[in-house]
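A.B. asks: When you get a sec, could you give me coordinates for this:
(chains A and B)
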Amino acid sequence: MRKNPETRNRRAWMGHLAAGLIGIGAALSPMTALAQTKAPERVVATDQVIFNSGRIVEGKILSETDSKLKMLVVIGGMSVETEYDKSEILSIKRDALTPESVDAAPATSQTRPASRSSSPVNPVADGTKVYTIHLKGWFGEDISQTPLREAVRDARMNQADYLIVIMENDWDMKRFGNLGDIPNEVGFFDQFRRAEDMDPIFTVEIPREWEKQPKVVFWVKRAMGGAAFLPLVCKDIYFSSDAKLGGIGGLEKSFGSTGDEVVREKQFSLRIGRAEGMAITGGYDPRLIRALARTEYVLSVGFEGGRPVYHEGMPRADRGEILLTDDGQGENEDNIQQLARGEGNDNLTLKADIAFKIGVSKGTVDSLEDLMRELGIARTYTLIPGKSDQIFKNWSEGLQRASRDSRKLWEDYQRIQVGGSYEERRRARGQQIRLLDDLEKVLKRYEEALNPGQLGLPGIGDIGILRERIKLDQLRDRK
Amino acid sequence: MHHTMSRFAALFLLAIVAFATLFTNVASAIDKVHLKNGTVVEGTVEQEIDGNVWILVKIGGVEQRQFLRAAEVDRVERDAATPQARPATSTPSQTQARVSTADRSKRAAIITLGEGGDKNMVGVYMTADILKRLIPVLEEENIGIVVFHVNSGGGLLLEIQRLSDVIHNEYKPRFRVAAWIESAISAAAMTAHCIEDIYFMPQGNYGACTGWFGALQAVKDRELEEVLYMMEKISARGGYDPQIMRSMQIMEPLTCTIDSNGDVKWYNSLDGEHVVNPENRILTFNAVDAERFKFSKGTAANVDELARAMGLTEVEWVGTPRTGYLWPISKAEDINMKYRSQVYTDETALRQFMDTYGNAVNAARAEQDRTRRGAMVGRARDALRRIVRVVKNNPNTALLTFNALDEKEFQRWVDEQEQMLRDLMR
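C.D. replies: This is a model prediction of the structure:
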């Protein structure tokens, strides 16, 4: 539970935590290295179980009784032993996934041709073009609509069948002058506005501009802060095993005690309403947004026929529900041990296991190969050597340059002394106007990602005023 | 009231027709799964395993995956067209019934109330004045159906009644009017609330109508009562229970019960079966809840789905297709868009015009040489002319910038300035 939402205090608090993390990190590193030497044995999925709900689970059947089925469920190469009630199961297909049976599966009317096929057992007749866009860096700055739109355009030019968007945004305290990750419980809900700038690329522009619709897949490695919203517009999401999606909690603290409660509630309500719209577009339950955003909101989930059924309250034991997020009050408040381990539940942070259980994630994959296998195109896909990495690199470098250049232009402007002879004054003013023109050009180019106020620069409107004043001064001047 | 009720009943019937049509005529559906009980499910078959079928169907614009067990399935009928050959459904050129018609009851236009970016404030980009100006153009285009597409984060309280009056008194008698909600927050929701037929886009949101000013200060006391009363009257215009809007304005709970006939009864307490807005919260509807609690008449992602939801079996969306837009742009909408574009330019430039005007006047006052003073006065006159043009395009600027309560007061200020500039040249 965060104690103080105000930026200045939060930053100081982050500093202490980061300093603490350095110590912990150093102490743990030998253990981490040890753990890495004992990689778990990979289990190959051979069997398939179809539930009454339509959910399909793949893995290796271990044992079977009249009422129970025990199997190693394989998700992204990792396996978990799980027991199911047979009453929930529609059919059991042993050895359905062995290479022989996959090869033997007929390409009949049961399989939709080319890119529409999504089952791993459905072979694809011809090569499937896959284009990847790797979203790295700070959300809203490095990850922004202009380079994203350009990368999607490149994918269209390359006639991609699959557009894989890898979300791995920066969630690093380096930005705040410290080390380590930003803790899960620190919320950046208002980065939602930047997600709103980008979501039309997927929801409006691709459907409108692509003659042949690609299958858009989000592969979440880290989607924190505003980045948490963007995958939700997409129906196909996969998580990596250490992925997390969240970092938008504590919305109710975002205005502190400013103004009246009813107006603050209005502000929260409209933000949640807009974010829920994004989740609905992707086919996800809007209550997940409240669970991600509001601390006092309590959400549990049960499963009926493998389908998630949400309950706004603490879990009911008789229904086998599990708690997603509690109210964070009193004894429910996350303690420092939970927070340090990233296990707090005052706000929901979706991790691979729970995201898969509730159907937000279709599977857990740790490599592109795994993802291709999950998508059923492992044997036929071709990776398009697109320009997206270069596009984003250019954008980020340009943004950094713009930030540096704009400050320099403003310093140069301020340094100009208008004095001397009439001709010297005229020249000086001309130079001022040229610098303002250049500053305006730089700010306009990166307007979506640069905040002039934060850089100590005038806004574009102010530049216009300054220019007019200089012109008027010139008019008033005498030889 | 009687007029409203009978109109409501007729539209409700149309909505039922639309709902039924939705299941049998999905735009993107190419596959049909015939069930043994006679039902036909249309959509896109994702996969089949052992006769079990996974199919994507569209309900109210929202794509949902359905699982049909082998035991239920009689046969699967697949469209010969591959997905690659399928036309995109959301481009204007693919809208249904593109045949031009003279029958105005089949001619529809989308009029946008707000748009993306910063052009969405009620009272600035969305005014009664511009809506009035559009009416003769819509009539000239022989439009019978006006759909207000709302995408606005709210704005000025003062404009709500004016907008409501124009829509209720001027538009409704002339056109069939519907609202299509992308985002209607605060004053935007209060504006749309006089419209009986509200449809949502899947991402749609509607509510958060609490009045405020300054540093999140709430409108209170007598002023609040006046706004609540205004919205009770506007709720009656739209045929909505006033308790819905109250929960969007103040922190009152809202629950409802849906009876066996599908009628919804609302409570500003926790007495109802479904909690729509819990205690101590402000209500904003999303598309799912709005449809579930019958506040909206349907959810539509594009004009084809909207036409179906509205029960329009034949419709021409009047206008010209334009790159980047999901519907054809009618002449009226073109004027509307140009208006917003001009306001946007003016908003940015107004501060500059005012600054230039003030500085030019000061410079003229300080100048002893008449010729040079004339140049300063000329500059001031030019800036004043620009200010007048901005106010002419959007009269609310007079109040927002010059604190002038009406156009006459603003004109008096302009007259004074012109007199002062003349005096400077004497």
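
A.B. asks: Would you state the helices of the chain in chain order?
C.D. replies: Let's take chain A. Using DSSP state H, the helices of chain A run over A:7-37, A:99-104, A:145-157, A:192-200, A:206-209, A:261-282, A:287-293, A:336-340, A:352-357, A:368-375, A:388-415, A:422-445, A:460-476.

A.B. asks: should've been chain B
C.D. replies: Ranges of helices in chain B, per DSSP H, are B:2-24, B:128-140, B:158-165, B:187-192, B:221-238, B:242-249, B:287-292, B:303-309, B:331-366, B:370-393, B:396-402, B:407-424.

A.B. asks: Let me see the confidence value for the residue of the stretch 201-350 of chain B found nearest chain A.
C.D. replies: Nearest residue of the stretch 201-350 of chain B to chain A: B:Leu216, at 2.4 Å (C-beta to the nearest C-beta). Yep, even glycine has a C-beta here, placed from its N, CA and C like the rest. Confidence at B:Leu216, expressed as pLDDT, is 95.

A.B. asks: Count the neighbours of it for me.
C.D. replies: Using other C-beta atoms under 10 Å in any protein chain shown, B:Leu216 has 18 other residues around it.

A.B. asks: Pop out the phi and psi values for the nearest residue to it once chain neighbours are set aside.
C.D. replies: Distances taken as C-beta to C-beta, 6 or more residues apart in numbering or on different chains put A:Gly259 closest to B:Leu216, at 2.4 Å, once the chain neighbours are dropped. Here is the backbone geometry of A:Gly259 (degrees, to the nearest 10): phi 70, psi -160.

A.B. asks: show me what contacts A:Gly259?
C.D. replies: B:212, B:214-218 (C-beta atoms under 8 Å, 6 or more residues apart in numbering or on different chains).

A.B. asks: let's see 10 Å
C.D. replies: A:Gly259 is in contact with A:267, B:212-218, counting by C-beta atoms under 10 Å, 6 or more residues apart in numbering or on different chains.

A.B. asks: Can you select the buried ones from those residues in ChimeraX?
C.D. replies: In ChimeraX syntax, the buried subset of the contacts of A:Gly259 is picked out as below (16 or more other C-beta atoms under 10 Å in any protein chain shown):
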select /A:267 /B:212,216,218
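
A.B. asks: And the contacts of A:Gly259, which is closest to B:Arg385?
C.D. replies: B:Phe213 (32.2 Å; C-beta to C-beta).

A.B. asks: separation between that closest one and B:Gln417?
C.D. replies: As judged by C-beta to C-beta, to the nearest Å, B:Phe213 and B:Gln417 stand 29 Å apart.

A.B. asks: A:Lys136 now?
C.D. replies: 56 Å.

A.B. asks: and if you look at B:Lys172?
C.D. replies: For B:Lys172, the distance to B:Gln417 - C-beta to C-beta - is 41 Å.

A.B. asks: for A:Ala378, same thing?
C.D. replies: 75 Å.

A.B. asks: Just give me the residue closest to the centre of chain B.
C.D. replies: Nearest to the geometric centre of chain B sits B:Val150, at 1.5 Å (C-alpha atoms, centre = their mean).

A.B. asks: For it, name its beta-bridge partners.
C.D. replies: Beta-bridge pairing for B:Val150 (DSSP bridges): B:Leu113, B:Ile181.

A.B. asks: Help me confirm that it comes into contact with B:Tyr125.
C.D. replies: No - contact criterion C-beta atoms under 10 Å: B:Val150 and B:Tyr125 do not qualify, at 11.8 Å.

A.B. asks: quick one: contacts for the residue nearest to the centre of chain B?
C.D. replies: Applying C-beta under 10 Å, 6+ apart, the residues near B:Val150 are B:111-114, B:120, B:122, B:126, B:179-185, B:188-189, B:191-192, B:195, B:198, B:200-201, B:204, B:206.

A.B. asks: can you pull the pLDDT of the residue of the stretch 151-300 of chain A found nearest chain B?
C.D. replies: Per C-beta to the nearest C-beta, A:Gly259 is where the stretch 151-300 of chain A lies closest to chain B, at 2.4 Å. Per-residue pLDDT puts A:Gly259 at 95.

A.B. asks: ditto for B:Glu273
C.D. replies: Looking at B:Glu273, its pLDDT reads 96.

A.B. asks: List the beta-bridge partners for the residue lying closest to it once chain neighbours are set aside.
C.D. replies: Using C-beta to C-beta, 6+ apart and skipping the chain neighbours, the partner closest in space to B:Glu273 is B:Thr257 (4.4 Å). On the basis of DSSP bridges, B:Thr257 is bridged to B:Lys265.
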